[in-house]
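>>> starting from these lines, generate the structure:
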Amino acid sequence: MSLTTEILEEFSTDIDNWALIPSGGGVFELVINGDLAFSKKGEGRYPETAEVRSLIRQAM
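Predicted coordinates for the structure are as follows:
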């Protein structure tokens with residue numbers, strides 16, 4: 001199951017607006033309520049699914 005599918009299944013009733021913006025060059029950023037919550041460039045790695053879930057929960 002993809003990260004997107006897992007997040008949408010878990011938070012579908014809690015998220016009012018969701019945007020997945022394709023990018024090139026291996027860019028991955030998670031922005032929640034206008035704040036950068038995770039940057040692959042900054043961390044040097046992709047986030048784990050549990051990490052993304054935790055970041056979303058913290059922002060709620």
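
>>> ok, which stretches of the chain are strands?
Along the chain, counting by DSSP state E, strands occupy 29-32, 35-39.

>>> buried stuff in the longest one?
Neighbour-count burial for strand 35-39, with 16 or more other CB atoms under 10 Å as criterion, is recorded at 37-38. Backbone N, C-alpha and C define where each C-beta goes, glycine included.

>>> parallel or antiparallel, list what pairs with that strand.
With DSSP bridges as the test, strand 35-39 is paired with strand 29-32 (antiparallel).

>>> ok, and what's touching the strand it pairs with?
36-41, 47, 52, 55-56, 59 (CB atoms under 8 Å, 6 or more residues apart in numbering).

>>> CA atoms only: put it into PDB for me.
Output in PDB follows, covering the C-alpha atoms of strand 29-32 (Å, rounded to 0.1, in the frame of the first residue of the first chain):
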ATOM      1  CA  GLU A  29       8.300  17.700   1.400                       C
ATOM      2  CA  LEU A  30       5.500  17.300   3.900                       C
ATOM      3  CA  VAL A  31       3.800  20.700   4.500                       C
ATOM      4  CA  ILE A  32       1.000  20.800   7.200                       C
END
